[in-house]
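S.K.: Please work out how this folds:
(chains A, B and C)
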Amino acid sequence: MPLTPNLTAHWDEPDSYTVAGYERHHGYEALRKALEMDPDDIIGVVKDSGLRGRGGAGFPTGLKWSFVPQGDGKPHYLVVNGDESEPGACKDLPLMLASSQHLIEGMIITSYAIRANHAFLYIRGEVPHVIRRMHEAVRDAYKAGYLGKNILGSGYDLEITVHAGAGAYICGEETALLSSLEGMRGQPRLKPPFPAVAGLYACPTVVNNVETISSVPAILRNGADWYSSFGTEKSKGIKVFSVAGHVNNPGIFEAPLGITMRELLGYAGGIRDGHDLKFFVPGGSSVPLLTEEHLDAELSYEGMEAVGTMLGTATPMVFDETVSVVRAITGWLDFYKHESCGKCTPCREGTWWIDQLLHSLQDGTGKMEDLKQLEDLCAQILGRSFCALGDAAATPYPAAMKFFAGEFEAGTHTSANAQFNPAASIVFPGVTTS
Amino acid sequence: MALTEETRTELLEIIKRYPDQARSALNPMLHLTQSVEGYVSPEAIELCAELLELTPAEVSAVATFYTMYKRRPVGKHLIGVCVNPQCGILGGDEIFSSLCSDLGIGNDETTEDGMFSIEKIECQAACTYAPSTTVDWEFMDDMSVDKMRDVVAKLRAGETVESTRGPVIRDFRATERTIAGFDDGLGNAGGNNADAVMLAGLNVAKANGMPDVDGGNK
Amino acid sequence: MTVTASNAGEITPPADLVSCTIDGIDIQVPKGTLIIRAAEQIGIEIPRFCDHPLLTPAANCRMCLVEIVGQPKPQPSCAIIVGADMEIKTANTSTVADLAQRGVMEFLLINHPLDCPVCDKGGECPLQNQAMSHGNGESHFHGVKRTFPKPIAISSQILLDRERCVSCARCTRFSEEIAGDPLIELIDRGAQQQVAIAEDKPFDSYFSGNTVQICPVGALTSKDYRFRARPFDLVSTPTACEHCASGCALRTDERRSKVMRRLAWDDPEVNEDWNCDKGRFAFRYLDEDRLTHPLVRDENGDLVVASWPEAIAIAAEKLTAARGTTGVITGGRVTREDAYAYGKFARVALGSDDIDFRSRATSDEETKLLRAVVAGSELGVTYGQIEQSPMVLMVGLEPEEESPMIFLRLRKGVQAGTATTAAISSWSSPGFTKTGGVVLAAAPGAEAQVLAALGSADSSLSDAAKNVASALNEDGAIILVGERLASQPGGISAATALAAATGASLAWVPRRAGERGALDAGALAGLLPGGRPITEASARSEVAVTWGVSPEELPTEPGLTVEGIIEALTTVPGAEVDGVAEGTATEVVVDVEGAGDTDSVDVEPADSEQAHGDPIDEEFEPRITALVLAGVEIDDFPNPDLFRTALLEASVVISLETRLSGIEAYADVVFPVAVDTERAGSYTDWEGRVRTFGQVVAEATTIPDGRVLAMIADAMDHSIGSGEPLPMRRELDQLGSYVGPRPDGPSATAPVKATPSSGKAVLASWRHLLDNSILATGEDYLAGTARAPVARMSAATAAGIGASDGALVTVSNDIGEIVLPLVLTDMPDGVVWVPGNSPGSTVNASLGVVPGAVVDISQGGQV
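M.R.: Just a heads-up that it's a prediction; the model follows:
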């Protein structure tokens, strides 16, 4: 399947993020078209395009917008989730750096469609260059008359506020993000009410991922049929994939949904020379890992489901044979334990416990019964935590056990580092032992 | 440095960005106080509480939730090393341990001269640049032990160090001011920052005649 | 709630009910009912920690997970509303739910210390109990537990043991949602998440004790109760709180006749599940410094221990001699039953209607209001009504300080959007701020003007005031008149007029627990029990029948109220009325001028013996010669020195007290009486709701006031019955409330006040909830959470005397001074506010005036 440069098509032009650079390639044409449309028709086009949320959950975007009650007399808000923090995901930040105006145009069209006059872009705090870039891009768009009062003489007003977070993975969860944006602890909220009914400041709010919103202008301009002509039956359109890890040319690859990992690996120059694929995680650490045997599975919502995992953020991490699965899984559980917000019992206490058991297996001091205990603990969290973070924390271990039980069993007597010399996994020269 | 009347004025400016609910300003406000004091001090908590009509406990609850807010003063430069498995395995763990021994400090500690603080950080969404690190939160992609030694030496010597995708490194406090939303004039630094990694796909597409689907390659 | 057999499914429920099944049982519940509540209705217990019926659902502990058929994951029953035809399975019938609950319980226990044997919660701990009922016997966890230093004090009263905390957030949600004091918060995150205060900002909330009670583990404990008892050693009695007129239901726990602790008890109509810290923690007074034996004054003038028969005989003899000229003042704390006994005793045994339950600043206007509207009016404005009122206007009342449950209920209504509040006050105190209402600023004395303006829709009103005025005309509007308004001339009359003009309901809110009950029981001049005017023949006959006396024996005209009694004593020849009694009674100079000042009191000559020791004036027959005093504090009177003079002037003083109070220095006989825990009784709260309490200490041998009075009456050849609480209550209840014509209400006009000149200010004041109250004596942990006494003035007033924020200022008059640090406050110029009875700020004792008086203000001073 060929690559399909779309959002990334002009990244070889250094001013691709500016209004001027963007306007050279149809930039803001979609907005002109949209402002003449009935907002509900825009929602219709997006529905028809088959666009689904690109943040990981894959909820149909147009449908989400259609949940916003109209004529309710309350302010509506668009909040764009730029909190990209899922281990492995590396596509929203590059999009904001180099396709800033795509996002802004998408935000204006979306806001217009859901009748919002104030949109927020929530960017994780740890990326100052992305934050300043988006501030710059928003200023640029205001200057060009695309933001503010009476946009392009349409009578439609929109303000965009760029907001920086402060370091909390959980804020990628949409209700936690709203709590954070309201100046509170970034802990998730009860649903219902869903954000579409009571989101930011208890008003109807659409929360969408950066890539989702950035995809909107081209859909409006080229039509739903154009967009849905890419991808598979259930996974329409184009996706920005990032491929990272033990490959020769890691990077961003834009392709239709349904492309296979084998194809993507090929575009990324293959597994680093002299090594073999051991496992890959297709959509961020929160989805079950896959192995060689899954290389031909379609990277689509349904294709990934068929092989027992999820598309997630569609940002594969690739690990070669030098890597200890136990070490990787333990590292991810360190992460979930560190990022557990503390609100609910299963996630808060479960990650504390699981992490201890995994560390003993990593250190080679685990017990055989720990393996079963870990399975039980993951089952005790899965589906019982307040939000998906708990589910995510309960995912890596059972998936790894499916393929690499022996490595965990070896953790009862041999440390991960003894089984796999960490130095062998390092990609820069000069380290031979650890 | 203590919080001044100027800080108070700027904090009030941040509040104005959120006409519908002042409390939304809290996160950027805490970033701004860090840009003045190098950490979130008890005084900063009280000041934010006063301006937002919250209790100091409510502000503390927020300030302690997010890992970017520091409870002790941070050094001039904050070096972050991603130890999330992807980066950690590809070399981040090695970079971190060598940094510790080079600087003689551990995680979340500051060198005696106040130059450097180091911190294990979680996924920086720079996985394609593994091992990924940051200096004062600016991207320092594709790091290695030797490159990091070089960066530290240059910073110590006051020489220019450039972020791989971003501007010249300033210091922790300057970055915190940027994060608080104050224009630092560096929004265009590095063009669109599209390097070989970001261009990996586009380059393949162009080389193989795969067209720009949104109107054709120009 | 309807529980039907499963075959009754065909019955279509009314529109506002939904049907579901829980564990196979069909049930219909009102729309909006949470699953956990629905299950409770049919006796199905779902374990829970974060859930509390009065807090918003959090669903964070995950203990209450149930299976909802058709849903892929178990759901938190505390947060899910019953849906139509929902099929719900709890752990009783669902493996999914059972495993989920057991799993969560295991997680909760991994970081929980095994210190139950030394934990105050042990034995009544929801974690302990539910670990038994819904947990596995054994933990699989063999790892490292999270540890914290334990415990840490988050206030002088509340201790926090973070290891025990299960992060249910009940305490933090209570503090924010209910009390409006978000002084504790969850900080950090993940497994390190913990409850905390901000640095140097202790959890000084008036309601902090509730968090100890609702903590489902032993994470929050009180210093007061720490390590003092085990729940299974305690004997519990339902009681009513004696600290204010809020009427909280409490549970009092005693062990070996000593009260160990008090808890808020659930009364949905009154205090819901809450109470204030004073009600919870202030009970040491019950046991300390108690009088144990009657005391009589011997021939040397010394008080000596006497036998009961001897003391009774002496009291009876002296009171017989003073029949017709004895005044009775009961203070605000006696029970309904005792107040009734005092009222009956006064009329029957003393032949007097000179009785008052108000040992505080009063006014003719207040007396008229009480006689015309309040007495015997039974249940009036209720908590339920203030929660659902378009406008609750408060005047002379700071609810958080003076009636904390009114505060909580108003806050609840305001939070829910069902109530709106406003206040007329000198400044917007925290209590007003947290109930979210507009504060119409008024210097003491100017309340009447503001009230009148609200009623007249004055065009000069601010927009905020106009909104208040207009809301007062809506159905359900309420005016709450605090007892403090009595000291502001014209205020009560204006409030009455405003209520009449707008149709708003008016409720009178006294501060002390016993006042409303005493009023209804007939312990006020002019009023027989049930609000019966003594001037009405029919009222007199009803009472006479019950009392077994002839109607002719009852007084027909209102006697003297407390002001009149004091005035009568202090304006007799031989009294000094400038407020300071000088020398001994035998040396005082006759001040005939003073008698001329009595314009409001009709000093009638009465047949009596002359005051002992006074120079005999053949022309003068004193109106009052003797006093019977119960639970009276000298410093409660607006001018304590004047009251001391009255005590000196009285030829007979009979005191009924639980402890030495200062009155004994003037008393001829002192009788020890029972405290609440030693007898049954009741109070009537501000709503007019009777709050009964049982006898906590079964072995008590002390005697209630009524019984003492009955013995004295018997010795005087009169009978008031046994005087025991329960017979007195029966009699009072049988009498019921009066129906018939009532005297007119107040209609005084407010005098126009001059703006005070520079260096002077109008005094504003009210009492803090936690202050020098003698019922909180010795409660050091509690006192540590009190608000710091400060003086408040506007910036302009402060500038006028060169005072700055935080610096000391002196508030003084010719009697004394109060020196406090200044807090600049948004309030009218020319006003100074100080707390009424706090350390370093005792308005009555130090200044001898009431709010509204003009005082001197100056910067600086010596504490």
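S.K.: which residues does the residue most central in space within chain B contact?
M.R.: Centroid-nearest residue in chain B, with CA atoms, centre = their mean: residue B:137, separated by 2.1 Å. If you count contacts by CB atoms under 8 Å, 6 or more residues apart in numbering or on different chains, residue B:137 has them with A:125-128, B:78, B:80, B:172, B:175, B:179. Any C-beta I mention is one placed from the backbone N, CA and C, and that applies to glycine too.
S.K.: again, only this time at 7 Å
M.R.: Contacts here follow CB atoms under 7 Å, 6 or more residues apart in numbering or on different chains; on that basis residue B:137 touches A:126, A:128, B:80, B:175.
S.K.: SS state for the last one?
M.R.: Three states are possible here, and by DSSP: H, G, I helix; E, B strand; the rest coil the one that applies to residue B:175 is helix.
S.K.: Around the nearest residue to it once chain neighbours are set aside, count how many other residues there are.
M.R.: Of all residues not flanking residue B:175 in the chain, residue B:136 sits nearest, at 4.4 Å (CB to CB, 6 or more residues apart in numbering or on different chains). For residue B:136, the neighbour count with other CB atoms under 10 Å in any protein chain shown is 25.
S.K.: next one: residue C:756
M.R.: For residue C:756, the count of nearby residues is 20 (other CB under 10 Å).
S.K.: ok, then the element right after the lowest-mean-pLDDT helix or strand in chain C?
M.R.: In chain C, no helix or strand scores lower on mean pLDDT, DSSP states H and E than helix C:592-595, which sits at a mean of 36. Counting by DSSP states H and E, the next helix or strand C-terminal to helix C:592-595 is strand C:626-630.
S.K.: what does that next one contact?
M.R.: Here strand C:626-630 has contacts from C:318-319, C:322, C:325-331, C:334, C:342, C:650-656, C:663, C:705, using CB under 7 Å, 6+ apart.
S.K.: again, but for stretch C:412-428
M.R.: So stretch C:412-428 is contacted by C:177, C:386-395, C:398, C:410, C:432, C:435-444, C:447, C:450-451, C:468, C:471, C:764, C:792, C:825-828, C:831, C:833 (CB under 7 Å, 6+ apart).
S.K.: first vs last residue of that stretch, how far apart are they?
M.R.: One end of stretch C:412-428 to the other measures 19 Å (CA to CA, to the nearest Å).
S.K.: and that stretch, how far from the chain's centre?
M.R.: Averaged C-alpha coordinates place stretch C:412-428 at 19 Å from its chain's average position (CA atoms, centre = their mean, to the nearest Å).
S.K.: excluding its backbone neighbours, what's nearest whatever residue of chain A ends up closest to chain C?
M.R.: Closest approach between chain A and chain C, counting by CB to the nearest CB: residue A:342, at 3.1 Å. Spatially, and ignoring its direct neighbours in sequence, residue A:342 is nearest to residue C:193 (3.1 Å; CB to CB, 6+ apart).
S.K.: what about the one you found, how many residues close to it?
M.R.: Residue C:193 has 24 neighbours, counted by other CB under 10 Å.
S.K.: before we move on, what about residue A:298?
M.R.: Neighbour tally, residue A:298, other CB under 10 Å: 20.
S.K.: still on that earlier bit, now do the contacts for the residue of chain A closest to chain C.
M.R.: When contacts are counted by CB under 7 Å, 6+ apart, residue A:342 touches A:348, C:167, C:189-191, C:193.
S.K.: Now do the SS call for it.
M.R.: coil.
S.K.: re earlier: quick check: helices, which of the contacts of residue B:137 are part of them?
M.R.: Among those, the members found in helices (DSSP state H) are A:128, B:175.
S.K.: near chain C at all, stretch B:59-79?
M.R.: Yes - judged by CB under 7 Å from any CB of the partner chain, stretch B:59-79 comes into contact with chain C at B:60-61, B:64-65.
S.K.: Adding pLDDT and distance to residue A:149, write the residues you listed out as a markdown table.
M.R.: Below are these laid out as a markdown table (pLDDT from 0 to 100; distance: CB to CB, whole Å):
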| residue | pLDDT | distance to residue A:149 |
| --- | --- | --- |
| B:60 | 98 | 39 |
| B:61 | 98 | 37 |
| B:64 | 97 | 40 |
| B:65 | 98 | 36 |
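S.K.: Residue B:21: which of those is nearest?
M.R.: Closest to residue B:21 out of those is residue B:61 (16.9 Å), distances taken as CB to CB.
S.K.: A helix includes that closest one, no?
M.R.: Yes - under three-state DSSP, residue B:61 sits within a helix.
S.K.: tell me the contacts of it?
M.R.: A:185, C:185-187.
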